[in-house]
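**Q** Any chance you could fold what I've pasted below:
(3 chains)
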Amino acid sequence: MQRLFGNLGQTVPIQLEFHRRDGQPVKNATVKVKGLGTEQLPLFNNKDSIYGEVKVSNIPGKKLEHQGIKVQLLGQIELASERGHPHDFLALVRDLSPPGDLVQTEKYGFEFNDVEMQYDSYRGLQVRLRYILRVTVSKGYSSSVKDFPFWVRNFEPLAAPTNGAPIKMEVGIEECLHIEFEYDKAKYHLKDTVVGKIYFLLVRIKLKHMEVEIRRRETTGSGQSMHNENETLAKYEIMDGAPVRGEAIPIRLFLSPYDLTPTYKTVHNKFSVKYFLNLVLVDEEDRRYFKQQEIQLYRASDASQANGPHAAAATLVS
Amino acid sequence: MVLVLCIGDLHIPHRAVDLPQKFKQLLVPGKIHYILSPGNLCSQEVLEYFKSVCSNTHITKGDFDDDSSFADNEVLELGDFRIGVCHGHQVVPCGDTDALALLQRRLNVDILVSGHTHEFMAMQHEDRILINPGSATGAFSSLNPSAHPSFVLMDINGSKASVYLYNLIEEEVRVEKMEFTKAASKLI
Amino acid sequence: MVEAMGLEEQARLLQEAGNAVKRNAFFMKKAMDEDNLREALRYSATLLGELRTPTLTPQRYYELYMQAFNELTHLQAFFREERRKGRSYADLYELVQHAGNVLPRLYLLCTVGSCYIRSKEAPAKSVLKDLVEMCKGVQHPIRGLFLRSYLCQVSRGLLPDVGSEFEGDGGSISDAIEFLLINFAEMNKLWCRMQHHASGRDRDRREQERQQLADLVGRNLTYVSQLDGLDFALYQEGVLARVMDQIVSCKDAIAQQYLMQCVIQGFPDDFHLGTLDSLLGILPDLQSGVQVHVVVSSLLDRLARFAASDKAVVDTFNQVDAFGKLTRAAAKVTESENEVPSGDVVAMHAALLSFTGAVYPDRLDLVNKVLTSAYQALEKQAPIKDAKAEKLLVQLLSTPLDNYDVVTVLELANYPSVMSLLRPAKRKEMAVKICQTILRQRTLVSSMEKVEMLLDFISPLVRDTEGLEDDDEFFEEEQNLLARLVHQLVSQDTDEHFELLRAARDRFNAGGPKRLRHTLAPLAFAALRLVRTIKEGTADSKKADGACKTVLQWIHGVAAQLAEVPAAEIALQLYLQAAHAASEVACLELIAYEFFEQAFILYEEAIPDSKAEVTALQSIVGVLHRCRVFTAESRDTLVHKATGYSAKLLKKPDQCRAVCACSHLFWQELPAEEEGDDVAEGVQPPVRDADNVMVCLKRALKIANSAQQQLAVVLKGDHTTPVMLFVEILNHYLFYFEQGNPSITTSVLQSLLELVANEMANENCQKDEALLAFYNSTRNHIAIQKDKGDELAQKFSSLQL
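**A** Sure thing, here's the model as predicted:
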């Protein structure tokens, strides 16, 4: 963290507290940290107003001289290929104090009203999108800077169940394997359940098992410099053994256990994130057959999410 | 306590089809210790049947038996009794108690089991006991044309012999019991 | 994969997997104790992961399954506890589905599902439907079968059956049936699929393994049958049609065989009766490997038992024309495919027949229909050579014998034709069975036609049959049967009865001496009995005499024939019995005399050895003693012959005893007093010839004496047999003394007593216990007579011992 968010020439203890207008505590988001573990970050939505209080302490008994204190709200996209040169798509600033001396710990309130934060925070393999509050205490050429990251998630209203036709497709290898698969819809919210069925229309190979993978594809750049990075986020076995012609195997995949994000399409012309369901069939000789199908993911607002005790009952086959 | 089955004059197949079913039901294998038969079984199958009921068989030769392994008479001792078996066609007059008593003295037996007359009988004669189990099949005989199927079961307990007479009359088994005690021999 | 694995290897694999189950169960329980749901689920999934093994045989897999099964009960308890703490089953139901592998996931799902239903948080029907559908994820036959069997087991008692607490909001009986039938169909598919996985050479092994798993599939149907709410309408509409559908469509012989049996055994009889058309209707659609006759047979057996348990249902049988349907079904089975083995055809008809016997005990016409059907089905294959088919055919023919009157059965038009399908050896076996049945049932064969017909049926016993060798081992037994059978040929009418016996003899004649030896004697005895019946039953004495004469003459012929067999001893005995009957029953002196003559001729010419001579002579004397029809002259001749032969016996003791016996020929018993006045015509007064008795006894003494002298030379006098004879003769003296024979005076007796006493004084005699005992009991007898205190005692009193 220190390295990424590095406080240059830090000598001044700077603290920042987020507030909400209504005085309620700021909600936190649990965010996976690369490698292992999670961290808690303050969570905001687009158009939220961000309030807070910056506390700058001096070393007791010592007078701190400065050329001004400010707080910036930055939205940045950083590509792995351009490390250290993030692209700011959002930059707002509030001056907290004119140049002067700090003889005791001072508190400065600030507010950014109705901030346009249309992009979600995102940490991918080769790209990240982040929001920070950056506090700078200017001291000539050795300013004290400290970044305070926060997290942004945006919600969409829950799509009507009938919204979007199911994905239905017949695929196969001629004279060998014909299957038809069907996912109930193409668009899922992040705590949704993928329900579907695989129909075996012709089976002339001895299958061993079948699984559904959730794959993520990050795309950065465009044209010649376009780069794709694929990642398998879930492997979910849905069939054990060899079916015969006429069998229909149910699929029910809960998305909630996995660390997914909504689908992002050309975020600020910098990157895209797409999700796929990949159906994999493995035969007794360990040959793999697969068919990948894109799905749209979105984040439904908490209130509208199908959650609670009836969620599972709703997933019982009807 | 010794259970002794006295049974004879079956005459199968010459004069009878089979032992009555009701008798067969009574004669369960394993219960009887001895079979004494005065003979006239007339077929190997009857002998085998006897042996299936009880392996300890003493059978004497009747006038219609052609099994040469059967003796003219047999004597054995059970409890305090000497018991003789003899078919009885040798005895003249046939079935006469005095004539049978003569044979009894000759064999020196307390109980004589004989057959031939197809007339069942159990009696004390002088100081001895005469038993004739009759014909187990009620076989026809001009000596006793209206014979009922019958046999005798003796329960010998020391000096006591309980004699059960089984008689099949109109498809019904009737049982009579008689008790005999061996008399102490009179000294002369 | 499982193919060539040894037993040891299997045991080792099971051991390993079992250990893994135990290990994970340990951690699972630890997590439960720590109230760590996530970990508990993780370990339980790993534990269940052991069931993913592809290598165990069904038998071993079952053992592993049972281990896992036991651990899952802990999990159920844990889930209940979680629920008590406030976590909803809906939540748990979702949570377990996060497991990545399908098999453990589904086991967990079934486990939670059962708790879910029990809690009534969700309607039973919805959960059941979900579970039964989701289980499709396992398509591996063995793993799938066990998973679904687990599902079936944990949901038992949770079905929305009529009267169940889960009925109502939880669903209805149709949901319960639906659940079980879907599970059944899925399991059956998996089960059938096992077969396709086997290559040709493991086919047998695989079939065997499948048989082991059959009950897992069948259990679904058992549970259906146990539903309280299952009534006939539901069964017919909702169950049978679908089960039948599954049976036909699976096109698998093993499954079809098993499931048909399952249905037949599993559901109530009255259901079957109501759905006969469906049950029988699918038979032609079954695979060729299915033993349709076994199916039909077990259906028939069930229905037969049903009818036997409740006579009232026979009406229902008639209403639905059960017999007709079953017969047609049987016929259809034999027609539908050309290659139904004869054994199967017979087996099915055998079952049909026993059904008929149980349901329609009085309907011989139906028996005949079954026989007709059997004959038509087998005609082309005659004679039946297949051993199993032969055996079954014999059984088929035997069944009606047991249930109906034998003779009537034999009259059934098609009985002989079915019997003709058999080869000679089996026809003989049938003949034996027929005889045995007649004898067991004591059926009387009372008319000429029936006797002729019966003898036709049993001709393999009566005479030599082409292509059939007599088996020595059984020959005697078989002839014995035939001999016994004679006593069942009986008519109330004496003339007809005699005709029956004559007819039988005519047939028996064809059997040759080896058979006649066995069969003639019973004929003669039956005829002897007839003589008495005629005599007693005929009022007209002339007519009676004539009839008796005819029969006796016929017996004469039989005995003569028996003598030629040769069987001289029995022939002689027969002559004697006939003589006795002629004398004592018919009072026909000439005929009685003739019989004795014949007996003597045989005695002289044909008795093989001295021992037989003794017996024969004993019999002659015994019978002659009882005959009272002879006038003095003829009697003298016969008695003379008897005594003559007695004295000529080989051994002295035999001679002596025979002569003693002959003495009685001169001393007949007096008729009992009450009969005294009513002597039949032709009966002579009893002979009481004291002098000749004495002559005989003296001759006996002489023989004993000469025996003693003879032995004295040879054995130097230490043999006691002659003394034994003396004592015996003494006893005869005593007999006559008691009888009041005037020749035996006290002094005669006294001198013999002294003679015997002298002999007894001999040292050898004192050592011979048997002799001593005989002597002592004789003296004892005298002592008893003295003590009696009657008239006789008076006579005895002067005797000195």
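**Q** So which residues make contact with stretch C:597-604?
**A** Around stretch C:597-604, the neighbours that count as contacts under C-beta atoms under 8 Å, 6 or more residues apart in numbering or on different chains are C:556, C:559-560, C:563, C:568, C:571-572, C:575-576, C:579, C:613, C:616-617, C:620, C:638, C:641, C:645. Glycine gets a C-beta too; all of them are placed from N, C-alpha and C.
**Q** Filter the residues you listed down to the ones in helices?
**A** Secondary structure defined by DSSP state H assigns C:556, C:559-560, C:563, C:568, C:571-572, C:575-576, C:579, C:613, C:616-617, C:620, C:638, C:641, C:645 of the contacts of stretch C:597-604 to helices.
**Q** Against C:Val102, how distant is the residue in chain C that chain A sits nearest to?
**A** Nearest to chain A in chain C, going by C-beta to the nearest C-beta, is C:His140, at a distance of 2.8 Å. Distance, C:His140 to C:Val102, using C-beta to C-beta, to the nearest Å: 10 Å.
**Q** and what of C:Cys627?
**A** Taking C-beta to C-beta, one finds C:Cys627 at 103 Å from C:Val102.
**Q** Taking the ones in helices among the contacts of stretch C:597-604, please make a ChimeraX selection of just the buried ones.
**A** What follows is the ChimeraX syntax selecting those of those that are buried according to 16 or more other C-beta atoms under 10 Å in any protein chain shown:
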select /C:556,559,563,568,571,572,575,576,579,613,616,617,620,638,641,645
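**Q** For the residue most central in space within chain B, give me its contacts.
**A** In chain B, the C-alpha closest to the average C-alpha coordinate belongs to B:Cys6, at a distance of 3.5 Å (C-alpha atoms, centre = their mean). By C-beta under 8 Å, 6+ apart, the contact set of B:Cys6 is B:Ile35, B:Leu36, B:Ser37, B:Pro38, B:Val113, B:Ile131, B:Pro133, B:Phe151, B:Val152, B:Leu153, B:Met154.
**Q** higher neighbour count, C:Cys627 and C:Val102?
**A** Counted by other C-beta atoms under 10 Å in any protein chain shown, C:Cys627 and C:Val102 do not tie: C:Val102 has more neighbours, with 29 against 24.
**Q** The more buried one reaches A:Gly241, doesn't it?
**A** No. Counting by C-beta atoms under 8 Å, no contact exists between C:Val102 and A:Gly241, whose distance comes to 9.3 Å.
**Q** Now the common contact residues for these two.
**A** Here C:Val102 and A:Gly241 share the contacting residues A:His209, C:Val138, scored by C-beta under 8 Å, 6+ apart.
**Q** what bits of chain B have low per-residue confidence?
**A** B:184-188 (pLDDT under 70).
**Q** Now do the strands in it.
**A** Defined through DSSP state E, the strands belonging to chain B, from first to last, are B:2-6, B:34-37, B:57-59, B:73-78, B:81-86, B:111-114, B:121-125, B:128-132, B:150-157, B:160-169, B:172-181.
**Q** Out of those, indicate the one that is most buried.
**A** Among the strands of chain B, the stretch with the highest mean neighbour count (mean count of other C-beta atoms under 10 Å in any protein chain shown) is strand B:111-114, at a mean of 28.
**Q** what lines up beside it in the sheet?
**A** Next to strand B:111-114 in the sheet, as set by DSSP bridges, lie strand B:81-86 (parallel), strand B:128-132 (parallel).
**Q** which other residues reach the first one?
**A** Contact with strand B:81-86 is made by B:4, B:36-38, B:58-60, B:72-77, B:103-104, B:107-114, B:156, B:159, B:161, B:182, as judged by C-beta under 8 Å, 6+ apart.
**Q** Over to stretch C:169-185?
**A** Contacts made with stretch C:169-185 from outside it, assessed by C-beta under 8 Å, 6+ apart, are listed as C:117, C:120, C:123-126, C:128-129, C:132-133, C:135, C:148, C:151-152, C:155, C:159-162, C:164, C:167, C:217, C:220-221, C:223-224, C:227, C:229-230, C:234, C:238-239, C:242-243, C:246.
**Q** Quick one: buried ones out of those?
**A** A residue is treated as buried here by neighbour count (16+ other C-beta under 10 Å); on that basis the buried members of these are C:117, C:123-126, C:128-129, C:132-133, C:135, C:148, C:151-152, C:155, C:159-161, C:164, C:167, C:217, C:220-221, C:223-224, C:227, C:229-230, C:234, C:238-239, C:242-243, C:246.
**Q** Return only those of those residues found close to chain A.
**A** Counting by C-beta under 8 Å from any C-beta of the partner chain, C:Ser126, C:Lys129, C:Glu133 from those sit close to chain A.
**Q** which among these are in contact with chain B?
**A** Among those, no residue lies close to chain B (C-beta under 8 Å from any C-beta).
**Q** Which ones among those residues map onto helices?
**A** Per DSSP H, helices hold the following members of those: C:Ser126, C:Lys129, C:Glu133.
**Q** Tabulate these in CSV, adding columns for pLDDT.
**A** Output for these, formatted as CSV (pLDDT from 0 to 100):
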residue, pLDDT
C:Ser126, 94
C:Lys129, 95
C:Glu133, 96
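**Q** what bridges to A:Asn228?
**A** With beta bridges defined as DSSP bridges, A:Asn228 has these partners: A:Thr219.
**Q** Relative to chain B, how far out is it?
**A** For A:Asn228, the distance to chain B equals 93 Å [C-beta to the nearest C-beta, to the nearest Å].
**Q** which one of the strands of chain B lies closest to C:Asp609?
**A** Of all the strands of chain B, strand B:73-78 sits nearest to C:Asp609, with 19.2 Å by C-beta to C-beta.
**Q** elements contacting that closest one?
**A** Here strand B:73-78 touches strand B:34-37, strand B:57-59, strand B:81-86, going by 3 or more C-beta pairs under 8 Å, 6 or more residues apart in numbering or on different chains; DSSP states H and E.
**Q** what about 6 Å?
**A** Of the remaining helices and strands, those touching strand B:73-78 by 3 or more C-beta pairs under 6 Å, 6 or more residues apart in numbering or on different chains; DSSP states H and E are strand B:81-86.
**Q** Report the distance from the strand it packs on to the chain centre.
**A** Averaging C-alpha positions (C-alpha atoms, centre = their mean, to the nearest Å) puts strand B:81-86 10 Å from its chain's average.
**Q** How about stretch C:298-305?
**A** Mean C-alpha position of stretch C:298-305 versus that of the full chain (C-alpha atoms, centre = their mean) differs by 21 Å.
**Q** And that stretch, what's buried?
**A** By neighbour count, and taking 16+ other C-beta under 10 Å as the criterion, the buried residues in stretch C:298-305 are C:Leu299, C:Leu300, C:Asp301, C:Arg302, C:Leu303, C:Ala304.
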